[in-house]
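S.K.: Based on what follows, work out the 3D shape:
(chains A, B, C and D)
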2 protein chains.
Amino acid sequence: MKLSSKSRYAVMALADIASFNKNKPVSLRDISLRQNISLVFLEQIFSKLKKNNIVKSIRGTNGGYVLSNDPNQIKLSSIFLAVDEKVKQVQCKKESKKGCNGKSSKCITHYLWDELELYINDFFNKKNLGDLLKKNLETRTET
Amino acid sequence: MKLSSKSRYAVMALADIASFNKNKPVSLRDISLRQNISLVFLEQIFSKLKKNNIVKSIRGTNGGYVLSNDPNQIKLSSIFLAVDEKVKQVQCKKESKKGCNGKSSKCITHYLWDELELYINDFFNKKNLGDLLKKNLETRTET
DNA sequence: CTAATCTTGACTATTTTTGTCGGGTATATA
DNA sequence: TATATACCCGACAAAAATAGTCAAGATTAG
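M.R.: The predicted model follows:
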């Protein structure tokens, strides 16, 4: 049970933009170097982030990406939604006529996974990019 | 971000034993039929559950498995531990000298994933097999 | 004995993840 | 206007993880 690298990179990259952003667009190349993430993979990820309006792109020389919103307005759940991270995929299919296990309508554990899904989504809904930067600043000054 | 089938099946199978158990061992064959899970796969799973003392085995005709403890004593976290389900695997390696991203000591998102891990583990620690049976009984009587 | 059941390790097919490759297109700046 | 720096996009591919299968036993009730 883990997050995909895609999602993890997305959060890292956005946090990078948020902290290095001096009102200038941040290029994927810079992010790639700073965060040690493959440039071409980043392009894939940012294509989705852009489609979902998490970032805006500026083309051409000195171009790059900027956040569409204040970091405090960008919830982790929006980011994950953008890059197709799903909590609990099609394990217990709601639509299937056959039910979870192909027999009874709902398997014994059905409600448990529902509950877990809600629980985790709650976490992602409550956290935003701003929280992340704050937290990181705190721990830096601690050491 | 999802649970493996192995873990899901483990919980389903144990819940099955807990509900059909009339002080007699429950055979994997019966579980396989009732829950629609491959028998041979169940064997793999129960091998681990037995090693971790979640169930006891009784060999021979009319044999099967029984729970080692009262369902209320069996936490989901123990079950997942037994079948090697891990929340947040080795994404941000704690031991690595190179740090999470191969550069700085800890990546920007390090504390976030730590927090998420604790959060989810908390859920699994608080839930036990008994809760699951109770919940299932409730919803049955509702309909 | 024999049928039912657990025991174990090796093997394999499928799916998902994590990218790469190769071509674009847009734009700032010299 | 030429050029370098960026974003843009779809197809492809290697690697890892998942979800099993297969085969050959060992135990025990009846």
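S.K.: got a list of what A:Asn62 touches?
M.R.: A:24-25 (Cβ atoms under 8 Å, 6 or more residues apart in numbering or on different chains). Every residue, glycine included, has its C-beta placed from N, CA and C.
S.K.: you'd agree A:Asn52 is up against A:Glu85?
M.R.: No - A:Asn52 is not in contact with A:Glu85 according to Cβ atoms under 8 Å; the separation is 11.9 Å.
S.K.: if you count what's nearby, which of those two comes out ahead?
M.R.: The neighbour comparison of A:Asn52 against A:Glu85 (other Cβ atoms under 10 Å in any protein chain shown) goes to A:Glu85, with 19 against 15.
S.K.: Give me the contacts around the least confident helix or strand in chain A by mean pLDDT.
M.R.: Taking mean pLDDT, DSSP states H and E as the measure, the helix or strand of chain A with the lowest value is helix A:129-142, at a mean of 82. With Cβ under 8 Å, 6+ apart as the test, helix A:129-142 has contacts from A:11, A:14-15, A:18-19, A:67, A:70-74, A:76, A:79, B:108-109, B:111-112.
S.K.: Let's see that with 10 Å instead.
M.R.: A:11-12, A:14-15, A:17-19, A:54, A:67, A:69-76, A:78-79, A:127-128, B:106-112, B:115 (Cβ atoms under 10 Å, 6 or more residues apart in numbering or on different chains).
S.K.: chain center to it: distance?
M.R.: Its chain's average C-alpha position is 18 Å from that of helix A:129-142, according to Cα atoms, centre = their mean, to the nearest Å.
S.K.: before we move on, the earlier item: can you pull the residues that touch both of A:Asn52 and A:Glu85?
M.R.: With Cβ under 10 Å, 6+ apart as the test, A:Asn52 and A:Glu85 both reach A:Ile79.
S.K.: Quick check on the contacts of helix A:129-142: which are buried?
M.R.: A:11-12, A:14-15, A:17-19, A:54, A:67, A:71, A:74-76, A:78-79, A:127-128, B:106-112 (16 or more other Cβ atoms under 10 Å in any protein chain shown).
S.K.: what's the residue of chain A found nearest DNA strand C in contact with, if anything?
M.R.: DNA strand C sits closest to A:Gly60 of chain A, with a gap of 2.3 Å, by Cβ to the nearest atom of the strand. By Cβ under 10 Å, 6+ apart, the residues touching A:Gly60 are A:Pro25.
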